[in-house]
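Q: This is a predicted model, with the sequence first.
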Amino acid sequence: ETGVTQSPTHLIKTRGQQVTLRCSSQSGHNTVSWYQQALGQGPQFIFQYYREEENGRGNFPPRFSGLQFPNYSSELNVNALELDDSALYLCASSLRPLALIYEQYFGPGTRLTVT
Amino acid sequence: ILNVEQSPQSLHVQEGDSTNFTCSFPSSNFYALHWYRWETAKSPEALFVMTLNGDEKKKGRISATLNTKEGYSYLYIKGSQPEDSATYLCARPTQGGSEKLVFGKGTKLTVNP
């Protein structure tokens, strides 16, 4: 059983650019959630994908968008990057609806720096 | 707005000490509380998912208790070891049965040898 993986590990972008971050779910999981962890904060929920559809969104602007693919891997896209987008981006996978309590399994994150 | 608070923000203890820290959350519409352990440069690792008032869970030297009526959970580490050094995060779902979690800022534990 493979765990959750994310790529790239680190990324440096310039303000105004666009970025795509990738996540491979744990084997057998059908739900992916994305979180942003800014410095000194806990992870904040961005959005979730279940069976390729967005299934809930946190308080993030539309320039944060995502995709989930048939193999349940996922992308997070951020357009028009701002300095405040500098953060660690975590993805987490889970299996629903079989699990009553949805345990999530996290990847190691992608560190995005916007200059 | 669902706020999850953790205290203290950071903690330094000596090897062999026992320690504990707190997670506070709104008690209304409670469904579950998650504890995660996050070592630097690794993935957050699930420790416990707690659902029932009075629940107590244990994993080796780490245990947690839950009080849903007053809205708090304690995490205890008995006989801390340097490998326990990590940030401990707690999180509550935004709504019942949801895996959309609201996290606290974490407690950073450093265990000195």
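A: Alright, I've got the coordinates. Quick caveat: nothing in here was measured; it's all calculated off a predicted structure.
Q: Could you use CA atoms for every contact and neighbour count after this?
A: Noted.
Q: ok so residue B:83 is a helix residue?
A: Yes - assessed by DSSP: H, G, I helix; E, B strand; the rest coil, residue B:83 belongs to a helix.
Q: Any idea how many residues pack against it?
A: Number of residues near residue B:83 (other CA atoms under 10 Å in any protein chain shown) recorded here: 12.
Q: what's near enough to touch it?
A: Residues in contact with residue B:83 (CA atoms under 8 Å, 6 or more residues apart in numbering or on different chains) are residue B:111.
Q: again, only using 7 Å
A: By CA atoms under 7 Å, 6 or more residues apart in numbering or on different chains, no residues touch residue B:83.
Q: where does chain A dip in pLDDT?
A: Chain A contains residues with pLDDT under 70 at A:1-2, A:97-102.
Q: Would you map the strands across it?
A: Under the criterion DSSP state E, strands of chain A are mapped to A:5-7, A:10-13, A:19-24, A:31-37, A:44-50, A:53-57, A:64-68, A:74-78, A:87-94, A:105-106, A:110-114.
Q: Tell me which of those strands lies nearest to residue B:68.
A: Among the strands of chain A, strand A:44-50 comes nearest to residue B:68, with 22.6 Å by CA to CA.
Q: CA atoms of that closest one as PDB?
A: This file holds the C-alpha atoms of strand A:44-50, laid out as PDB (Å, rounded to 0.1, in the frame of the first residue of the first chain):
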ATOM      1  CA  GLN A  44      -6.600  25.600   6.500                       C
ATOM      2  CA  PHE A  45      -9.100  23.700   4.400                       C
ATOM      3  CA  ILE A  46      -9.100  24.800   0.700                       C
ATOM      4  CA  PHE A  47     -11.400  22.300  -1.000                       C
ATOM      5  CA  GLN A  48     -12.200  18.700  -1.400                       C
ATOM      6  CA  TYR A  49     -12.800  16.400  -4.400                       C
ATOM      7  CA  TYR A  50     -14.800  13.300  -4.300                       C
END
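Q: for it, packing partners?
A: strand A:31-37, strand A:53-57, strand B:101-103 (3 or more CA pairs under 7 Å, 6 or more residues apart in numbering or on different chains; DSSP states H and E).
Q: follow-up on the earlier one: could the strands of chain A go into a markdown table alongside mean neighbour count?
A: Formatted as a markdown table, the strands of chain A follow (neighbours: other CA atoms under 10 Å in any protein chain shown):
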| stretch | mean neighbour count |
| --- | --- |
| strand A:5-7 | 21 |
| strand A:10-13 | 14 |
| strand A:19-24 | 21 |
| strand A:31-37 | 26 |
| strand A:44-50 | 23 |
| strand A:53-57 | 15 |
| strand A:64-68 | 19 |
| strand A:74-78 | 21 |
| strand A:87-94 | 26 |
| strand A:105-106 | 24 |
| strand A:110-114 | 19 |
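Q: Pipe the ones you listed into TSV and attach distance to residue B:108 per row.
A: TSV is the format used below for the strands of chain A (distance: least, CA to CA, whole Å):
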stretch	distance to residue B:108
strand A:5-7	24
strand A:10-13	23
strand A:19-24	26
strand A:31-37	15
strand A:44-50	18
strand A:53-57	28
strand A:64-68	29
strand A:74-78	28
strand A:87-94	17
strand A:105-106	18
strand A:110-114	19
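Q: for the ones you listed, which one sits closest to residue B:109?
A: Across these, residue B:109 has its closest neighbour in strand A:31-37 (18.4 Å, CA to CA).
Q: List the neighbouring strands of that closest one plus their orientation.
A: With DSSP bridges as the test, strand A:31-37 is paired with strand A:44-50 (antiparallel), strand A:87-94 (antiparallel).
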